[in-house]
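Chemist: I'll drop the sequence and a predicted model, then ask my questions.
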Amino acid sequence: MRKLKFDLQVDPTALLAANPEAFYSKAYLSEDTADNYRALPGVKYKTKLASVTFGEILKPSTCSFNAPTDDLDAKEIDVCALSAMAQICQFDLEQSFLSLQMSKGSNGDFSVASFMSFYWSEMANKINGDIESIRWQGDTASLNPTLALCDGYEKLLAADPAVIPGGSGAIANFTALEAALSAAFALLPATIATRTADLRLYMPTQLVNIYRLGVASGNTQAYITQDLALTFLGVKIVVCPGMSNDTFVWTLKDNLIYAFDAEGDSSDLRAVNLADTVAEPYIRTRANMKVGFNFVNPSDIVFYQ
């Protein structure tokens, strides 16, 4: 009987590699993004969304043809180019709890597979959290370097005169919140107010907490044992951690545009051990991406700020 011996040698750089599809999915998308925003993937620079506004189509039946003038327009959607960059030093790893898992010797491979998996996961979560903040509070004039990367919904909505003003002011308790939500809901056009399956109420964590406590205070079971279903007047409430306090938006989910370029990015994900290139004891990572935020149908959006 012949014995065969197999020798599998794993390149050290393999330990640095993330699952690129999973990484970008976690970085770009939260679990309910597709259900609450109109996602436009594959936008590398700019794209346009076509729209058509019909006039009075229905007419009395006559032998003549009398069609109204219809308006064909397009909304330009822009994206911002971003880069996520991070690095970690060999000596920091050696002085951490990971030291026992590292190979012996001061000049060998110092990456740890289990740590790199955690590293990539946390990096993706950090990117996702920053994108969420930019999504709402992004302002290229901001002094905050993260928020200054791209304009978000709040700045864009506030600048459009066609967006319906839903009120303003601090909301300190459930009674004030309920009154503000009801008053803003009443401003929605009748054509969309009844579309509860597609209508969304976007609120920051601060207002969602007030809402949860206020509703639960009248329901002992929800207050103690059960998770509260986040709806108001039958409309789904979307928790927006990146949204400013004391703001909220009523609109259809397809009116808020989220553009990004994830196609092909997975093949360009980089993690480089600089010890193998320029003899520096760093693991350096970089992920390039593009995101952009915009909206359509401003007359169907109520913005409380």
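Modeler: Good, I have the coordinates.
Chemist: next SSE after the helix or strand hosting M116?
Modeler: Per DSSP states H and E: M116 is located in helix 113-137. Counting by DSSP H and E, the element after helix 113-137 in chain order, helix or strand, is helix 153-159.
Chemist: That following helix - contacts with which helices or strands?
Modeler: Other helices and strands packing on helix 153-159, by 3 or more C-beta pairs under 8 Å, 6 or more residues apart in numbering; DSSP states H and E, are helix 113-137, strand 282-295. Backbone N, C-alpha and C define where each C-beta goes, glycine included.
Chemist: Out of these, the one nearest A180 is which?
Modeler: For those, proximity to A180 was assessed by C-beta to C-beta; helix 113-137 is nearest, at 17.8 Å.
Chemist: tell me the average confidence for that closest one?
Modeler: Across helix 113-137, the average pLDDT comes to 81.
Chemist: got it, and stretch 202-222?
Modeler: When pLDDT is averaged over stretch 202-222, the result is 82.
Chemist: Report the buried residues of that stretch.
Modeler: Across stretch 202-222, burial judged by 16 or more other C-beta atoms under 10 Å covers Y202, M203, P204, L207, V208, I210, Y211, R212, V215, A216.
Chemist: Pull the residues that contact that stretch.
Modeler: The set of residues external to stretch 202-222 that reach it, using C-beta atoms under 8 Å, 6 or more residues apart in numbering, is 36, 136, 171, 173-175, 177-178, 223, 228, 230, 232, 237-241, 243-251, 256.
Chemist: among the residues you listed, which are in helices?
Modeler: N36, W136, F174, T175, L177, E178, Y223 (DSSP state H).
Chemist: Just the buried subset of the residues you listed, please.
Modeler: Restricting the ones in helices among the contacts of stretch 202-222 to buried positions leaves N36, W136, F174, L177, E178, with burial counted as 16+ other C-beta under 10 Å.
Chemist: and the two most separated of those residues?
Modeler: The span of those, defined through C-beta to C-beta, is set by N36 and F174 at 23.4 Å.
Chemist: which of the ones in helices among the contacts of stretch 202-222 lies closest to R195?
Modeler: Looking across the ones in helices among the contacts of stretch 202-222 and measuring by C-beta to C-beta, the closest to R195 is N36, at 14.5 Å.
Chemist: who's in contact with that closest one?
Modeler: Residues counted as contacts of N36 (C-beta under 8 Å, 6+ apart) are R200, Y202, K236, V238, K253, L256.
Chemist: Those residues into TSV, with extra columns for distance to G167?
Modeler: What follows is the contacts of N36, written out as TSV (distance: C-beta to C-beta, whole Å):
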residue	distance to G167
R200	18
Y202	15
K236	21
V238	19
K253	22
L256	19
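Chemist: Show me these that map onto strands.
Modeler: R200, Y202, K236, V238, L256 (DSSP state E).
Chemist: Isn't the fourth one up against F232?
Modeler: This points to V238. No - judged on C-beta atoms under 8 Å, V238 makes no contact with F232 at a distance of 11.0 Å.
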